[in-house]
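Q: Give me the fold of what follows.
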Amino acid sequence: MNFALSETQILIRHTAREFAQRRLVRFADEFEEQGQVPPDVLREMAELGLMGVAIPEALGGSEAGAVAFALALAEVAAGCASTAVMMAVSNMVAEIITRYGTPQQKQTHVPRICSGEYVTASFALSEADAGSDPANMGTVARKSGKKWRIDGGKQWISNGTTAGVFVIWARTGEAGHRGISCFLVTQGQPGLVVGPKEDKMGLRGSDTVSLALDDCTVDDTDMLGAEGLGFGIAMAALDGGRISIAAQCAGIASAANRHMQKYAKERKQFGTPLADFQAIQWMVADSEKELDAMTLLGWRAASLKDAGLPYSQAASMAKLYASEAAWRVCNRAVQVHGGYGYSREYPLERYLRDVRATQIYEGTSEIQRRVIARNLLHPI
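A: Modelled structure (predicted):
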């Protein structure tokens with residue numbers, strides 16, 4: 001196996017790292033306090049090619065692939081996890097439309113996501129009673145001539161206030177996953193109401209909202225993919241999203257790890273640097289080991305995706321391990337910093353709050369274990 005990165009992958013990583021150091025690291029706390037990442041920051045990301053890393057150049061993307069996207073996302077997450085979430089969801093939506101959209105849908109929406117004309121894009125699947133069980137969704141779309149009327153609600157929707165376009169799932173037929181379709185709905189569409197931002201524990205710079213759909217009417221041409229095949233589109237998108245979360249975890253954990261190592265060498269107790277105590281050395285060693293493992297698991301899943309090979313199992317394993325290991329890395333970093341780790345003087349407490357969400361969204365750790373076990377014990 002060749003672990004050497006291509007020139008394109010190195011360039012994308014360097015671009016994302018420079019952007020994160022210049023535009024994110026010093027301002028992440030400010031974004032959190034304001035409850036938003038400024039639109040000009042997101043548009044600059046688009047100008048650098050970071051809102052369509054794996055999208056074909058013909059549609060305005062960088063055409064650099066899934067590994068390059070994982071590299072870039074980790075760098076952004078190391079600077080500001082909230083910004084990384086917004087980047088990840090926008091790239092996910094651009095990929096969904098590129099893969100399943102009609103030529104007209106692709107030309108209408110994908111270049112706008114990649115260029116920053118749409119500040120972000122949004123993925124609207126979850127509902128109050130349909131989180132881990134999306135096939136149980138209550139949102140419905142009824143056919144009316146050449147239009148569809150959508151009624152229902154969505155919850156925990158990232159990028160809701162800034163999205164130019166939403167991919168929204170609704171039931172169009174029988175109960176269960178076979179009766180679900182998805183639609184492209186633009187911001188400001190009559191009948192689409194964006195709720196207030198959730199008051200979250202972490203990732204506070206990334207807006208998360210509920211959506212209300214009250215006779216939201218869209219054209220036949222706004223259905224994404226064939227009728228009744230929306231569930232499969234959602235599951236395929238979530239597989240890619242799990243690679244994104246593994247990359248986010250690697251970025252957050254790497255930032256926490258750097259702070260921990262630096263502090264351990266500078267801080268003295270009993271006249272000795274913390275780095276000279278075996279207990280601290282073991283924390284540093286364990287964290288470096290886990291950071292390397294989560295990075296490589298994510299790269300493997302992304303490499304399979306780039307090669308056009310099945311990657312669902314690898315993505316679930318990467319997401320599960322990375323989300324739980326990154327929590328441990330951030331927790332150790334707080335512990336090494338002692339009281340300072342618990343204060344807002346250092347970013348460690350923010351890393352810990354931000355990384356906690358990764359065990360929940362895009363399928364909880366429990367769902368990932370279920371996916372992995374099912375594939376091993378009851379393969380299709």
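Q: from here on, contacts and neighbour counts on C-alpha atoms
A: Will do.
Q: Please report the number of neighbouring residues for V76.
A: Around V76 sit 33 other residues, with neighbours defined as other C-alpha atoms under 10 Å.
Q: Let me see the mean pLDDT of the helix or strand hosting it.
A: Here V76 is covered by helix 66-79, with elements defined by DSSP states H and E. Here helix 66-79 scores 98 as its mean pLDDT.
Q: Next: stretch 16-35.
A: Stretch 16-35 shows a mean pLDDT of 97 in the predicted model.
Q: Over to it now: how far is its first residue from its last?
A: Across stretch 16-35, the straight-line distance between its terminal residues is 22 Å, by C-alpha to C-alpha, to the nearest Å.
Q: what residues does that stretch touch?
A: Surrounding stretch 16-35, the residues in contact under the criterion C-alpha atoms under 8 Å, 6 or more residues apart in numbering are 37-38, 41, 45, 50, 72-73, 75-76, 78-80, 203-207.
Q: Buried ones only from the residues you listed, please, as a ChimeraX command.
A: With 16 or more other C-alpha atoms under 10 Å as the criterion, this ChimeraX line picks the buried residues out of the contacts of stretch 16-35:
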select :37,45,50,72,73,75,76,78,79,80,203,204,205,206,207
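Q: Would you state the helices of the stretch 251-380 of the chain in chain order?
A: Counting by DSSP state H, counting those that start in this stretch, the segments of the stretch 251-380 of the chain that form helices are 278-306, 312-337, 348-356, 365-377.
Q: just checking, what packs against the longest one?
A: Translated: helix 278-306. The elements that helix 278-306 packs onto, with contact taken as 3 or more C-alpha pairs under 8 Å, 6 or more residues apart in numbering; DSSP states H and E, are helix 66-79, helix 230-266, helix 312-337.
Q: and the longest one, what does it pack onto?
A: Think helix 230-266. Helix 230-266 makes packing contacts with helix 66-79, helix 81-100, strand 180-186, strand 272-273, helix 278-306, helix 312-337, helix 348-356 when contacts are defined by 3+ C-alpha pairs under 8 Å, 6+ apart.
Q: before we move on, the earlier item: make JSON lines out of the helices of the stretch 251-380 of the chain and add mean neighbour count.
A: Supplementary listing: the helices of the stretch 251-380 of the chain in JSON lines, determined by neighbours: other C-alpha atoms under 10 Å:
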{"stretch": "helix 278-306", "mean neighbour count": "19"}
{"stretch": "helix 312-337", "mean neighbour count": "25"}
{"stretch": "helix 348-356", "mean neighbour count": "24"}
{"stretch": "helix 365-377", "mean neighbour count": "15"}
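Q: From V336, how far off is I360?
A: To V336, I360 is 26 Å away according to C-alpha to C-alpha.
Q: Can you pull out the low-pLDDT segments for the protein?
A: 1 (pLDDT under 70).
Q: Not counting its neighbours along the chain, what's nearest Q105?
A: Beyond its immediate neighbours in the sequence, the residue positioned closest to Q105 (C-alpha to C-alpha, 6 or more residues apart in numbering) is I97, lying 7.1 Å away.
Q: And stretch 205-222, what's buried?
A: By 16+ other C-alpha under 10 Å, the buried positions in stretch 205-222 come out as 205-213, 215-219, 221-222.
Q: Just the residues you listed: which are in strands?
A: When DSSP state E is applied, those are split such that 208-213, 215-219 fall in strands.
Q: which one of those is nearest G240?
A: When these are ranked by distance to G240 (C-alpha to C-alpha), T208 comes first, at 20.1 Å.
Q: Bridge partners for that closest one, pull those for me.
A: On the basis of DSSP bridges, T208 is bridged to S158.
Q: just I150 next, same as before
A: In this entry, I150 is beta-bridged to A141, C216, by DSSP bridges.
Q: Surely it and L213 touch.
A: Yes - between I150 and L213 there is a contact at 6.2 Å, judged by C-alpha atoms under 8 Å.
Q: Overlap in contacts, these two.
A: Common contacts of I150 and L213 (C-alpha under 8 Å, 6+ apart): none found.
Q: Helices along the stretch 1-150 of the chain, start to end?
A: With DSSP H, counting those that start in this stretch as the criterion, the stretch 1-150 of the chain has helices at 7-23, 28-34, 39-47, 66-79, 81-100, 103-115.
Q: how about R369, what does it touch?
A: When contacts are counted by C-alpha under 8 Å, 6+ apart, R369 touches 316, 320.
Q: Next, work out how far apart it and D354 are.
A: Spatial separation of R369 from D354 under the definition C-alpha to C-alpha is 22 Å.
Q: coming back round to it: which residues outside the helix holding V76 are in contact with it?
A: Helix 66-79 is contacted by residues 8-10, 12-13, 15-17, 19-21, 24-25, 28, 50, 53-54, 83-85, 87-88, 243-244, 247-255, 298-299, 302-303, 305-306 when judged by C-alpha under 8 Å, 6+ apart.
Q: How about stretch 324-331?
A: Contact partners of stretch 324-331, identified using C-alpha under 8 Å, 6+ apart, comprise 249-250, 252-253, 256-257, 287, 290-291, 294, 348, 351-352, 355-356, 359.
Q: can we see that at 7 Å?
A: When contacts are defined by C-alpha atoms under 7 Å, 6 or more residues apart in numbering, stretch 324-331 is touched by residues 249-250, 253, 256-257, 287, 290, 348, 351-352, 355-356, 359.
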